[in-house]
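> Sharing a model prediction with you, sequence too.
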Amino acid sequence: MSRPLHKSRSSRFAFPVAVTLLMLLSVLPVRLTGWTHWLGGVAVAAVSPVAHPVTELSLWLSPGRSAAELPSGTRRVLEDEAELWKQKFLVAQMSVDELRATVARMSGAMALNPSAPVRPVTAPVIGASSDPSASSSLRVRAGAGEGISRGDVVTDGVVQLLGRVDNVQGAYCEVRPITARSMPPIKASLMLDERSGRSLACLLRPVGDGTLRGDVEDPGDGPSPIDVGVAVRLRDDQWPESAQMLMIGRVIRVDRSPDQPLRKVVIVRPQRDLRQATEVVIRVPEGVATASEDAP
């Protein structure tokens, strides 16, 4: 069928007319073409996608990485660094609260020595002690040649307290962990609020299964704030200053003392199994000359 004559003529001239109108609009002043903005808005609304649904869809298809997805090694380094700064803060706060001043003679004068410097020595664990009476001790490949001496503090990582050096030989030493049954009781602080420094004192004794147990006096100011997960840190004047506020572990259970109703019993577990340590850090105190040595 042939098209009607008037439709054929209209379609023939439609395109040239549209091109001519567009050319005229392109050269007209802006004040005469303001009415075209309305048409542009209608076109944008019709063809532009809705931003929020598209954004949600893109996030669903390509989600960002969360902290839980970080490699375990990276997460452990960040956690150790945070704990290290927390320990430094708590040591400074403890010194301010107690006004502790360690006095040393240097060049005939009295001087404050709030924290002796230490030199960290990283060494691998090569096995258990050969002494049957100290079967829970660890043998470490670092000895007198590296300046190690009996009583030096040992950590697992940066701030997790592991124990103390028990015996030193030329090429190795033996370390007794804080969880060894033969380790003496340790004075510690339950950090109820690490920001304000509020804490409760307790005396921890190793149980022999990798945990420590101790009685804590109930503060008696309402419901006990002692709860599972509370951090426990060293606060014992029988240990060097550089070891104060190192991490002992966290509370894993709270029981009522069977003998003293006003006391509670806490079970504390180190953040890592100290019996399975493969590498330790020995904190060797740097030597400080005494006044008598400096005197002529």
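Everything's here; your move. From a predicted model like this one, the values you see are computed outputs, not experimental measurements.

> Now do the SS call for Glu83.
Recorded secondary structure, Glu83: helix (DSSP: H, G, I helix; E, B strand; the rest coil).

> do the same with Gly170
coil.

> i'd like the first residue to be 34 from this point on
Got it, the first residue is 34 from now on, which makes the last one we talked about Gly203.

> Quick check, it in contact with Ala175.
No. Gly203 lies out of contact with Ala175 (C-beta atoms under 8 Å); the separation is 10.6 Å. Backbone N, C-alpha and C define where each C-beta goes, glycine included.

> dump the residue contacts of Arg174.
Shown in contact with Arg174 (C-beta atoms under 8 Å, 6 or more residues apart in numbering): 156-159, 204-205.

> ok, now with 6 Å
156-157, 159, 205 (C-beta atoms under 6 Å, 6 or more residues apart in numbering).

> what's the answer for Leu55, then?
No contacts exist for Leu55 under C-beta under 6 Å, 6+ apart.

> quick one, which of Gly203 and Ala175 is more surrounded?
Under the criterion of other C-beta atoms under 10 Å, the comparison of Gly203 against Ala175 puts Ala175 first, with 25 against 8.

> circling back: of the contacts of Arg174, which belong to helices?
Within those, no residue falls in helices by DSSP state H.

> Buried members of these into PyMOL, please.
To isolate the buried members of the contacts of Arg174 in PyMOL, using 16 or more other C-beta atoms under 10 Å:
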select buried, resi 156+205
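
> can you name the two of the contacts of Arg174 that are farthest apart?
By the measure C-beta to C-beta, those have their two most distant members at Pro157 and Tyr205, which lie 10.2 Å apart.

> For the stretch 84-233 of the chain, which segments count as helices?
Assigned by DSSP state H, counting those that start in this stretch, the stretch 84-233 of the chain shows helices spanning 84-94, 105-131.

> Going by mean pLDDT, which of those helices comes out lowest?
Among the helices of the stretch 84-233 of the chain, helix 84-94 carries the lowest mean pLDDT, at a mean of 56.

> so where is the protein shaky, pLDDT-wise?
For the chain, applying pLDDT under 70 flags the ranges 34-46, 58-106, 129-149, 162-168, 251-257, 320-329.

> all strands of it, in order?
136-139, 142-145, 151-161, 171-173, 186-189, 193-201, 206-210, 219-226, 231-239, 245-250, 264-267, 280-289, 296-302, 312-318 (DSSP state E).

> Reformat those into TSV and put distance to Arg108 next to each item.
Converted to TSV, the strands of the chain look like this (distance: least, C-beta to C-beta, whole Å):
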stretch	distance to Arg108
strand 136-139	41
strand 142-145	38
strand 151-161	20
strand 171-173	26
strand 186-189	17
strand 193-201	15
strand 206-210	25
strand 219-226	22
strand 231-239	27
strand 245-250	26
strand 264-267	18
strand 280-289	17
strand 296-302	20
strand 312-318	18
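
> Ok, which of the ones you listed comes nearest Leu54?
Across the strands of the chain, closest to Leu54 is strand 219-226 (C-beta to C-beta), at 76.6 Å.

> by contact count, what packs against that closest one?
strand 231-239, strand 264-267 (3 or more C-beta pairs under 6 Å, 6 or more residues apart in numbering; DSSP states H and E).
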